[in-house]
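Student: model the structure of this input:
(one chain, ligands or ions: 2)
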Amino acid sequence: MAKIFCVANQKGGVGKTTTTVNLAAGLAKVGQRVLMIDLDPQGNATMGSGVDKRKLELSVYDVLLESASIAEARTQSAKLKEGGCGYDILGANRELAGAEVELVEVERREKRLKRAIAAVESEYDFVLIDCPPSLSMLTLNGLCCAHGVIVPMQCEYFALEGLTDLVNTIKQVKANLNDELQIIGLLRVMFDPRITLQQQVSEQLKAHFGDKVFDTVIPRNVRLAEAPSYGLPGVVFDPSSKGAQAFIAFAQEMVARIKAL
Ligand code: ATP
Ligand code: MG
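Tutor: Ligands and ions are numbered 1, 2, ... in the order given. Predicted coordinates:
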């Protein structure tokens, strides 16, 4: 059965989508079967996986409204396959923003995605969910179906403070909706070892969270930032770049960690 992970942090622009698509590609590269779910109306993970969000016939929106199954709505990108990193994509676009309102009246609305994933779970080793920068109904749907949360974060001054809300939300979801949920790990991203403050915050993180901090550190690397404009994860766009190498190492660390779960 697939291991299901949300990539979440309510802070915007911290590297959630970059982490999701590159981890998906990295896991595919090391032989894992992966489904990537874009749960953000911005559709960045969809575009960054080489799927045009404006041309989606079916998306995660239809799955949440139960007008399509994941088997019907998922798609693939030929470019990813050519790069040896093919994974399945359940895309998103602006339409998804409406789901929040449309689901207000619906019972057990936070469990919709969970039910949909159950039907395809046996086909995958990993399901990765890219969450929007909020603790909204959409993020809640992601958290309800996940075994764990991967939290990408920049080692900045307010990093620890910002984590409190997320940690509390995860505790509440665990208590009320999904007792399996846990933080799998904090991933240090956009890291620049030349900046003393970043090193200090990184040490603080390790002191606070111990082995909940992933060993792999993702460096700031311009190739990772360039890749989405080519509709590719950095891992496929420039496999030899430092950023791509770090995400391959992270994929290997994840495979090792889930064996120990
Ligand atoms: P949002 O909250 O809007 O969904 P996000 O948390 O998904 O944002 P990303 O879109 O992954 O964040 O990253 C924000 C910006 O930082 C993007 O322009 C991305 O290309 C860039 N970026 C992410 N990781 C790195 C990195 N390791 N090195 C350089 N640039 C990066
Ligand atoms: Mg994003």
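Student: for stretch 120-128, which positions count as buried?
Tutor: 120, 121, 124, 125, 126, 127, 128 (16 or more other CB atoms under 10 Å). Any C-beta I mention is one placed from the backbone N, CA and C, and that applies to glycine too.
Student: out of those, list just those in helices.
Tutor: Nothing among the buried residues of stretch 120-128 maps onto helices, per DSSP state H.
Student: turn these into a markdown table, columns for pLDDT.
Tutor: A markdown table is the format used below for the buried residues of stretch 120-128 (pLDDT from 0 to 100):
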| residue | pLDDT |
| --- | --- |
| 120 | 98 |
| 121 | 96 |
| 124 | 98 |
| 125 | 97 |
| 126 | 98 |
| 127 | 98 |
| 128 | 98 |
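Student: look up how far residue 128 lies from the residue in the stretch 1-150 of the chain positioned nearest to ligand 2.
Tutor: Using CB to the ion, the single residue of the stretch 1-150 of the chain nearest to ligand 2 is residue 17, 3.3 Å away. When distance is defined by CB to CB, to the nearest Å, residue 17 is 11 Å away from residue 128.
Student: joint contacts of those two?
Tutor: Common contact partners of residue 17 and residue 128 (CB atoms under 8 Å, 6 or more residues apart in numbering): residue 7.
Student: show me where pLDDT drops low in this protein?
Tutor: Filtered on pLDDT under 70, the chain yields no residues whatsoever.
Student: so which residues on it come close to ligand 2?
Tutor: Applying CB under 5 Å from the ion, one finds that the chain approaches ligand 2 through 16, 17, 44.
Student: okay, and the second one sits in which element?
Tutor: Using DSSP states H and E, residue 17 falls within helix 16-29.
Student: how far is that helix from where the chain is centred?
Tutor: 8 Å (CA atoms, centre = their mean, to the nearest Å).
Student: got the residues of the chain next to ligand 2 as a markdown table, with neighbour count and distance to residue 74 columns?
Tutor: As requested, these are arranged in a markdown table below (neighbours: other CB atoms under 10 Å; distance: CB to CB, whole Å):
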| residue | neighbour count | distance to residue 74 |
| --- | --- | --- |
| 16 | 29 | 20 |
| 17 | 27 | 18 |
| 44 | 20 | 18 |
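Student: what are the ranges of the strands in the protein?
Tutor: For the chain, the strands defined by DSSP state E cover 3-7, 34-38, 88-90, 126-130, 148-153, 182-191, 213-219.
Student: contacting residues around the fourth one?
Tutor: If you take CB under 8 Å, 6+ apart as the criterion, strand 126-130 is touched by 2-7, 16-17, 20-21, 23-24, 27, 32-40, 44-45, 113, 117, 121, 142, 145-146, 254.
Student: 7 Å - rerun?
Tutor: Applying CB atoms under 7 Å, 6 or more residues apart in numbering, the external contacts of strand 126-130 come out as 2-7, 16-17, 20, 23-24, 27, 32, 34-40, 45, 117, 142, 146.
Student: try the last one
Tutor: Contact partners of strand 213-219, identified using CB under 7 Å, 6+ apart, comprise 185-191, 205-206, 242-243, 246-247, 249-250, 253.
Student: which residue ranges of the protein form helices?
Tutor: Under DSSP H, the chain gives helices at 16-29, 44-47, 60-64, 70-73, 78-82, 99-102, 112-118, 137-145, 159-176, 196-209, 222-226, 234-237, 242-260.
Student: turn the ones you listed into a markdown table, columns for distance to ligand 1.
Tutor: Compiled in a markdown table, those are given as follows (distance: least, CB to the nearest ligand atom, whole Å):
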| stretch | distance to ligand 1 |
| --- | --- |
| helix 16-29 | 3 |
| helix 44-47 | 5 |
| helix 60-64 | 15 |
| helix 70-73 | 21 |
| helix 78-82 | 17 |
| helix 99-102 | 16 |
| helix 112-118 | 18 |
| helix 137-145 | 11 |
| helix 159-176 | 12 |
| helix 196-209 | 12 |
| helix 222-226 | 4 |
| helix 234-237 | 8 |
| helix 242-260 | 5 |
